[in-house]
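Q: Build me a model:
(2 chains)
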Amino acid sequence: MNKEDVIKRLNEVFRDVFGDDSISVNEETTSADIEDWDSIEHINLIGSVESEFGMRFKMREVSGMKNVGEMIRIICERGC
Amino acid sequence: MKELVFPFDSRAILRNKRELKKALLSDGTARVKKNVAVLGGSTADHVVSMLRLFLLNSGIEPHFYKSEYNKFYEDAVFGSPELEAFKPDIVYIHTTSRNLTLMPESASVTAEEAERLLDEQFAYFRQVWEGIDQRFGCPIIQNNFELPLYRRTGSFDCWSPSGQAAFINRMNVRLADYARSRSNFYINDINYLSSAIGLEKWHDPEAWYLYKYAMSTAVIPDLAHSAASIIKSIYGRNHKVIDLDLDNTLWGGVIGDDGRDGIEIGPETAVGQAYSEFQSFIKGFKDYGVLLAVCSKNDEENALAGLEHPSGILRPDDFVSIKANWESKDSNIQSSADELGLLAESFVFVDDNPAECAIIVAQLPQVQTVCLTSVGDAMYALSRGGFFEVTSLSGDDLRRTEMYAANAKRAAQQKKFANYGEYLLSLGMYASITDFEPVYRQRITQLTNKSNQFNLTTRRFTESEIEEVSASPDHIRLCGRLSDKFGDNGIVSIVIARCEGDTAHIELWLMSCRVLKRDMELAMLDELVKKCQERGISRIIGYYYKTPKNSMVAGLYESFGFEPVEKKESGDSVWSLSTAGYTNKNKVIQKDQRSCTA
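A: Residues are numbered from 1 along each chain as shown, chains lettered A, B, ... in the order given. All right, here's what the predicted structure looks like:
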């Protein structure tokens, strides 16, 4: 799967989790850009991304992700 | 909302929780408002958001108070101004085994020390409950404790003095004892839930290290659904009726096509056993005040005939409403509801036909539909659905049941048998020995073809040959059914004897090995001799034809007191018994007159 597909599917996850169809994420998006993206929603986001792509983040990755670009990189690395 | 009905997609609920909440709040349902305080021993945010969805879906609009992380003890015992101001209608204490701070850690913990730790741990929780009770006097829901996934000593962990599983199991027993002694105290059985889901899926240590979630976030919808079912029941919003289809739902087959004798119910076949278990399971709901109804596309006469099947467990008078006609099922459910003065929303509908289920989902979405793909799945859906959660049986009722059950168990454990005969007597066996009733001919044929060990002649019969024998005036036919206090064993023994003048020749004598050493063969012999005497037959000839499998009955006729007539080289033998002066041999099985007429 290429990066564009990952971003597309990821965007759907973001829209569902934050209940906002106007969300459009890119590699630079951070939690500061999305109003409801707090530590609690982060948990739900991680779980939903994991289930969308059938993979699991490592603990270090969960707490260390700086932006959506890193998330995409990890997803692509896992070979989905 | 069908997304929130078990079996649900937990991940989808978590992902779409905002949209689901919006949809529920805008669906126009009038809901009762309740203040729900969640006091957590771990992070409870997801628990709260999931509880909200399931409660909204049950007609309850919750307003939440959430304790700070792991402050359940402080909030309950010392109070908090916020909680006082909140005035909870209900308090849910969301703790888990992570909160068992006194669990034995060292192998050197003795039984006495473990007991002391248990006392102390229990007292800690009791302080919590009593604190809440004194402050608010409101219902309390308390999670019991799930088993850990990790253990050092294998199975020993569940019984060693220092075992953690042992500690948790004993803690759960104490919780249950406490719950029974109190009103307004309810256990959310996460011990069951985590087992049903599987501890491997339930536990997620990384979720604990990262977020202080005491379980995988993926199972939080299950947890919240379970707690919401209790709250729903406390506020009287349980379902009230199980409305059941008949063909391939309460029995195997189609009564209109197969007839009463053709449907499968009862111990004779695997399919029949499944439906027996399902009927028993359903019937048991009656004891808890759940109403049963029938909704079937059938002629009423056929429906009733099916419910009168001799092996059936549910009877027509178990149902408060029987709709067996050719109207659409949604109109039948609605008219049952009208007749009973209930709302359709208190109905749970069970049907094996996906098309009928789809009609109800579309036409009466307020009815909960359980589409029966297998008996097991249906029982599980009814187990986990939260439709009939019990919270209002009086304490006395519960105690009485418990007392009887405990006494019975004790009796079983304490009873010592002086001899085998006494043991057999204790089984409370009943035999019904009848002619070949049409209903049983299929089973009889099957037995003649598969019994090898306890089979004197190993003669195989086709169904039409059995029909022939059944119609023959020259044959004595015995079909023996044995039940005991543990249940019905079904048809277990067949005897066919051909009469010729004053002599009867035993052409077939077989018995199922599941009732070996129960003296059923003696009961059969008694009946055979009686039938012979009635016909004026003075001599019974028995034949043993040796096969590689039937050596267990080589000496059967001898043990019955037959005289040898002939013993061949091949191992075959012929035996003779005079019917004059015969005294009955069976002393342990009673004759069951009731089912002889079935």
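
Q: Low-confidence ranges, chain A, go.
A: Scanning chain A for pLDDT under 70 picks out A:79-80.

Q: With chain B instead?
A: Within chain B, the stretches with pLDDT under 70 are B:393-418, B:593-598.

Q: give me every residue that touches residue 47.
A: Defaulting to chain A. B:Arg11, B:Leu14, B:Arg15, B:Thr217, B:Ala218 (C-beta atoms under 8 Å, 6 or more residues apart in numbering or on different chains). For the C-beta atoms, the positions are set from N, CA and C on the backbone; glycine is no exception.

Q: try chain B instead
A: Taking C-beta under 8 Å, 6+ apart, we find B:Val47 in contact with B:Val38, B:Gly40, B:His94, B:Ile220, B:Leu223, B:Ala224, B:Ala227.

Q: which SSE is it in?
A: In the assignment (DSSP states H and E), B:Val47 maps to helix B:45-56.

Q: from the chain's centre, how far out does that helix sit?
A: Its chain's C-alpha centre and that of helix B:45-56 lie 30 Å apart, by C-alpha atoms, centre = their mean, to the nearest Å.

Q: now stretch B:219-237
A: That offset, for stretch B:219-237, works out to 22 Å (C-alpha atoms, centre = their mean).

Q: mind pulling up the phi and psi values for B:Thr583?
A: The phi/psi pair for B:Thr583 (degrees, to the nearest 10) reads phi -110, psi 140.

Q: now the end-to-end length of stretch A:28-48.
A: Terminal residues of stretch A:28-48 are spaced 20 Å apart (C-alpha to C-alpha, to the nearest Å).

Q: just stretch B:197-209 next, same as before
A: First-to-last residue span, stretch B:197-209, C-alpha to C-alpha: 22 Å.

Q: Flag every residue of chain A that's near chain B.
A: A:13, A:16-19, A:39-40, A:43-44, A:47-48, A:51, A:59, A:62-63 (C-beta under 8 Å from any C-beta of the partner chain).

Q: Recalculate using a threshold of 10 Å.
A: With C-beta under 10 Å from any C-beta of the partner chain as the criterion, chain A comes near chain B at residues A:12-13, A:15-21, A:36, A:38-52, A:56-59, A:62-63.

Q: ok, back up a step: overlap between the contacts of B:Val47 and the residues near chain A?
A: Within these, those near chain A by C-beta under 10 Å from any C-beta are B:Ile220.

Q: for B:Glu327, what are its contacts?
A: Contacts for B:Glu327 were tallied using C-beta atoms under 10 Å, 6 or more residues apart in numbering or on different chains; they are B:Cys295, B:Lys297, B:Ser335.

Q: ok so, going back, heading C-terminal from the helix holding B:Val47, find the next helix or strand.
A: Downstream of helix B:45-56, the next assigned helix or strand under DSSP H and E is strand B:60-66.

Q: ok, and for that next one, which residues are buried?
A: B:Ile60, B:Pro62, B:Phe64, B:Tyr65, B:Lys66 (16 or more other C-beta atoms under 10 Å in any protein chain shown).

Q: repeat for stretch B:120-127
A: Within stretch B:120-127, the residues scored as buried using 16+ other C-beta under 10 Å are B:Gln121, B:Phe122, B:Phe125.

Q: ok, now stretch B:45-61?
A: Result for stretch B:45-61 [16+ other C-beta under 10 Å]: buried residues B:45-58, B:60.

Q: Just give me how far it sits from the chain centre.
A: 29 Å.

Q: From A:Met59, how far out is B:Met215?
A: 17 Å (C-beta to C-beta, to the nearest Å).

Q: Equivalent analysis for B:Ser392, please.
A: 45 Å.

Q: need the longest strand for chain B.
A: If you go by DSSP state E, chain B has its longest strand at strand B:487-500.

Q: Restricting to C-alpha, output that strand in PDB.
A: C-alpha atoms of strand B:487-500 as PDB (Å, rounded to 0.1, in the frame of the first residue of the first chain):
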ATOM      1  CA  GLY B 487     -31.900 -36.900  33.300                       C
ATOM      2  CA  ASP B 488     -33.400 -39.000  30.500                       C
ATOM      3  CA  ASN B 489     -31.200 -41.500  28.800                       C
ATOM      4  CA  GLY B 490     -33.700 -42.000  26.000                       C
ATOM      5  CA  ILE B 491     -34.400 -45.300  24.300                       C
ATOM      6  CA  VAL B 492     -31.700 -47.700  25.500                       C
ATOM      7  CA  SER B 493     -32.800 -51.200  25.000                       C
ATOM      8  CA  ILE B 494     -34.700 -53.200  22.400                       C
ATOM      9  CA  VAL B 495     -36.000 -56.800  22.500                       C
ATOM     10  CA  ILE B 496     -37.800 -58.600  19.700                       C
ATOM     11  CA  ALA B 497     -39.200 -62.100  20.300                       C
ATOM     12  CA  ARG B 498     -41.000 -64.300  17.700                       C
ATOM     13  CA  CYS B 499     -43.700 -66.500  19.200                       C
ATOM     14  CA  GLU B 500     -44.300 -70.000  17.900                       C
END
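
Q: helices and strands around that strand, which ones?
A: helix B:270-285, strand B:430-434, helix B:441-450, helix B:463-471, strand B:475-484, strand B:503-511, helix B:520-534, strand B:539-544 (3 or more C-beta pairs under 10 Å, 6 or more residues apart in numbering or on different chains; DSSP states H and E).

Q: What pairs with it, parallel or antiparallel?
A: strand B:475-484 (antiparallel), strand B:503-511 (antiparallel) (DSSP bridges).

Q: Give me the buried positions along that strand.
A: Buried, per 16+ other C-beta under 10 Å, within strand B:487-500: B:Asp488, B:Asn489, B:Gly490, B:Ile491, B:Val492, B:Ser493, B:Ile494, B:Val495, B:Ile496, B:Ala497, B:Arg498, B:Cys499.

Q: what does stretch B:550-559 give?
A: By 16+ other C-beta under 10 Å, the buried positions in stretch B:550-559 come out as B:Asn550, B:Val553, B:Leu556, B:Tyr557.

Q: What's the end-to-end length of it?
A: 16 Å.

Q: Pull the residues that contact it.
A: Here stretch B:550-559 has contacts from B:451-458, B:506, B:509-511, B:513, B:516, B:521-522, B:525, B:540-544, B:546, B:562-565, B:571-577, B:585, using C-beta under 10 Å, 6+ apart.

Q: buried subset of the residues you listed?
A: Using 16+ other C-beta under 10 Å, the buried members of the contacts of stretch B:550-559 are B:451, B:453-458, B:506, B:509-511, B:521-522, B:525, B:540-544, B:546, B:562, B:573-575, B:577.

Q: for residue 32, what are its contacts?
A: Since you didn't name a chain, this refers to chain A. A:Asn67.

Q: should've been chain B
A: B:Leu55, B:Ser58, B:Gly59, B:Ile60, B:Glu61, B:Pro62, B:Asp89, B:Tyr235, B:Gly236, B:Arg237.

Q: I figured the fourth one was touching B:Phe54, is that so?
A: Yes: with contact taken as C-beta atoms under 10 Å, B:Ile60 and B:Phe54 are classed as touching, separated by 9.0 Å.

Q: which residue sits closest to whatever residue of chain A ends up closest to chain B, ignoring its sequence neighbours?
A: In chain A, the residue that lies nearest chain B is A:Gly19 (3.0 Å; C-beta to the nearest C-beta). With sequence-adjacent residues excluded and distances taken as C-beta to C-beta, 6 or more residues apart in numbering or on different chains, A:Gly19 is closest to B:Arg18, at 3.0 Å.
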